[in-house]
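K.L.:
Pasted the sequence and its predicted model underneath.
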Number of protein chains: 2
Amino acid sequence: MAKKELTLDTEQKIKAAAKEVFLRNGFHGAKVKDIAEAAGVNIALMNYYFRSKEQLFEMIFMETFLSFFGRMITLFNEETPLEVKIWKIVDQYTDFVIENPLMPVFVLSELQKNELTFFKQLNLPTLLMESYMAKQLREEAALGNIREIEPLQLLATLMGNIVFPVIARPMIKHIGGLDQEQYNQFLIDRKQITPRMIMAFLRDR
Amino acid sequence: MAKKELTLDTEQKIKAAAKEVFLRNGFHGAKVKDIAEAAGVNIALMNYYFRSKEQLFEMIFMETFLSFFGRMITLFNEETPLEVKIWKIVDQYTDFVIENPLMPVFVLSELQKNELTFFKQLNLPTLLMESYMAKQLREEAALGNIREIEPLQLLATLMGNIVFPVIARPMIKHIGGLDQEQYNQFLIDRKQITPRMIMAFLRDR
DNA sequence: GTCTATAGAGCGATAGAC
DNA sequence: GTCTATCGCTCTATAGAC
C-alpha cells in the first residue's frame, strides 16, 4: 500500500512536470530531458511510466483541452437567466485563464499543428447545440427580448474577448507599457466591458 | 546584372520557403531540411545566405510581426469618422487574416515562448497612444457621443473578435461541424456582428 | 521501481571541391 | 553561387544492473 502510493506519487510528479514544460514550450520545444529534470527523475523512468514523449504529450493535451473547453461548456449549461449568466461566464472564465495563462495558446497552437485523433472523436457539436445556453438564446429571441444569434458566434465572441488578451499577453503588456499588476488589472477591467458589450448588442435592434 | 537578379531570386526563394515552414510549424517544429527542400536548395546554401536557422527565423518573425501589427495601426490612423472606421477595420482586418490564416497563432505563440530583443526595442506604446484613433476616442467621449474607453481596450476587443476565430479555427470548425466554405462564411458573418457590438457598447450609457 | 550507460537516429553547421 | 560529404552535438528510447 505504501508502495502503491509511492508509485502514484512518482507518476503524478512526472505528469505535473510534463504539463508545465509542454505548456511553456509546446511539443517540439519541450525536451524529455527538461521534463525529467523538472520531475527530479531520469529519462528511463519517464519512459517506464509513459512509454514515449508522444504518449505523454497526448495525455497532457487531452486533459488540458477538456479542461479549457469543458469549463466553458459547464458555464454554458448553468440554468440562470441569460444576462446573469453572461456576466458570470465572463467573470469566472476570466479568473480561470488568469490562473492558467499558458493554457489557451498551448491548446490552440498545438491544435493547429497536429492531427489529434482523440480530438476528432469528441462530439463537440452536440455539446454546444444542446447546451442550455443554446435553448435560452432561441427562446429569448422568439420572445423578442434579444436579437437572434448563433450559439457558435456567441461562443467565439465570449472566448475572443476573454481569451485573446491572454494569448496576446506579451504584446498587450508591451503596447500598453504595463507591468504584471497593471496587466492583470487590464484583464479585470474587461469583466465589465465584455458583458456590457454583448448585452448591448443583443438588445440593440 | 543578370547575376545579381539570380542571386536575389535564390535568396527570396529560401526566404519564402522559410516563411511557409516557420508559420506552419513554429521555430522548434520547423527543420532546416524542410526549409531547404521547400526552397529546392540544400542546407549549405541556406546557411550561405542566412548564416543560421536563428537568424533566418528572426528575420521572418520580425517581418511577420510588423505586418500583423502594422496593418492594424495603419487602419487605426485612417482619418475617417469613428463609426465608419470601426466598420472598415473589421472588414479589412478580417480579409487580412483570412488571407494569412497562420499568421496570428505564429506571431502570438512565438512571442510567448521566446525573448525577442527586436520586439522590445519597438516603441509600440507611442504608436498606439498617438494614433488618430486614440485622439478620436478622447474627443468623441468629451463630446458625450460615446462612452470613455482606453485605446488598448478597443484594440484588444477588435483583435479578440477578429483574430481569435482564426486562431481557434480547428476548434471552431469542429464544434460547428463546418467545412472550409462554411467556416469562411462564419468569419464573414462576424463582419456584421463585431462592429455592431462595439458601436452598441460605445453608445450605450 | 529506479538507476547508469549507451544505442541509433536526426539535427544544424561547415569544409572544401567545383 | 552551389554542391557533396561529413563533423559534432543533441535527441529519444532502451538494455541491463540493482
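P.N.:
Noted; the coordinates are in hand.
K.L.:
How about chain A: which residue is closest to DNA strand D?
P.N.:
Relative to DNA strand D, the nearest point of chain A is residue A:52 (3.1 Å; C-beta to the nearest atom of the strand). Glycine gets a C-beta too; all of them are placed from N, C-alpha and C.
K.L.:
Provide a list of residues in contact with the residue nearest to residue A:180 when sequence neighbours are not counted.
P.N.:
Nearest in space to residue A:180, with sequence neighbours left out and distances taken as C-beta to C-beta, 6 or more residues apart in numbering or on different chains, is residue A:173 at 7.9 Å. By C-beta atoms under 8 Å, 6 or more residues apart in numbering or on different chains, the contact set of residue A:173 is A:179, A:180, A:183.
K.L.:
In terms of helices and strands, where is the nearest residue to the last one once chain neighbours are set aside?
P.N.:
Put plainly, it is residue A:183. Counting by C-beta to C-beta, 6+ apart, residue A:173 is the residue found nearest to residue A:183 once chain neighbours are left out, at 5.1 Å. Element membership of residue A:173 [criterion: DSSP states H and E] is helix A:169-176.
K.L.:
So which elements touch the host helix or strand of residue A:191?
P.N.:
In the assignment (DSSP H and E), residue A:191 maps to helix A:180-203. Counting contacts by 3 or more C-beta pairs under 8 Å, 6 or more residues apart in numbering or on different chains; DSSP states H and E, helix A:180-203 is packed against helix A:82-99, helix A:151-167, helix A:169-176, helix B:151-167, helix B:180-203.
K.L.:
can you tell which of those is closest to residue B:65?
P.N.:
helix A:169-176 (8.7 Å; C-beta to C-beta).
K.L.:
what is the rounded mean pLDDT of the closest one?
P.N.:
Averaged over helix A:169-176, pLDDT sits at 97.
K.L.:
ok, now stretch A:124-131?
P.N.:
Per-residue pLDDT values over stretch A:124-131 give a mean of 96.
K.L.:
Stretch A:86-98 now?
P.N.:
98.
K.L.:
Which of the residues in it are classified as buried?
P.N.:
Within stretch A:86-98, the residues that count as buried by 16 or more other C-beta atoms under 10 Å in any protein chain shown are A:86, A:87, A:89, A:90, A:91, A:92, A:93, A:94, A:96, A:97.
K.L.:
pLDDT below threshold where in chain A?
P.N.:
For chain A, the stretches with pLDDT under 70 are A:1-8.
K.L.:
Is chain B within reach of the lengthiest helix in it?
P.N.:
Criterion DSSP state H: the longest helix present in chain A is helix A:2-29. Yes: with C-beta under 8 Å from any C-beta of the partner chain as the measure, helix A:2-29 is seen reaching chain B through A:24, A:25, A:26, A:27, A:28, A:29.
K.L.:
Kindly report the same for stretch A:51-62.
P.N.:
No: Stretch A:51-62 lies apart from chain B when judged by C-beta under 8 Å from any C-beta; the minimum separation is 12.7 Å.
K.L.:
Contact partners for the one residue sitting closest to the centre of chain A?
P.N.:
The centre of chain A sits closest to residue A:68, judged by C-alpha atoms, centre = their mean, with a distance of 2.6 Å. Residue A:68 makes contact with A:100, A:103, A:104, A:107, according to C-beta under 8 Å, 6+ apart.
K.L.:
so which of those residues is the most crowded?
P.N.:
Counting neighbours by other C-beta atoms under 10 Å in any protein chain shown, the top entry in the contacts of residue A:68 is residue A:104, with 27 neighbours.
K.L.:
Which elements pack onto the helix or strand harbouring that one?
P.N.:
Assigned by DSSP H and E, residue A:104 falls within helix A:103-113. Contacts defined by 3+ C-beta pairs under 8 Å, 6+ apart place helix A:103-113 against helix A:2-29, helix A:53-76, helix A:151-167, helix B:2-29, helix B:103-113, helix B:169-176.
K.L.:
With adjacent residues omitted, what lies nearest to residue A:11?
P.N.:
residue A:49 (5.2 Å).
K.L.:
Surely the one you found and residue A:12 touch.
P.N.:
No: Residue A:49 is beyond contact range of residue A:12, at 9.9 Å (criterion: C-beta atoms under 8 Å).
K.L.:
Which of those two has more residues huddled nearby?
P.N.:
Between residue A:49 and residue A:12, counted using other C-beta under 10 Å, the more crowded position is residue A:49 (17 against 12).
K.L.:
separation between the closest residue in space to residue A:10 that isn't next to it in sequence and DNA strand C?
P.N.:
Among residues not flanking residue A:10 along the chain, residue A:41 sits closest, at 6.8 Å (C-beta to C-beta, 6+ apart). Counting by C-beta to the nearest atom of the strand, to the nearest Å, the separation of residue A:41 from DNA strand C is 4 Å.
K.L.:
where does residue A:41 fall, helix, sheet strand or coil?
P.N.:
The three-state label for residue A:41, taken from DSSP: H, G, I helix; E, B strand; the rest coil, comes out as coil.
K.L.:
Same check on residue A:134?
P.N.:
helix.
K.L.:
Could you count how many residues lie near the closest residue to it other than its chain neighbours?
P.N.:
Leaving aside its sequence neighbours, residue A:134 sits nearest to residue A:151 (C-beta to C-beta, 6+ apart; 4.3 Å). For residue A:151, the tally of surrounding residues (other C-beta under 10 Å) stands at 20.
K.L.:
I'd like the distance between residue A:151 and residue B:185.
P.N.:
Separation of residue A:151 from residue B:185 (C-beta to C-beta, to the nearest Å): 16 Å.
K.L.:
With residue A:204 instead?
P.N.:
In this structure, residue A:204 and residue B:185 are 23 Å apart, going by C-beta to C-beta.
K.L.:
Repeat that for residue A:112.
P.N.:
Separation of residue A:112 from residue B:185 (C-beta to C-beta): 20 Å.
K.L.:
Comparing these two, which residue is more hemmed in?
P.N.:
residue A:112 (22 against 12).
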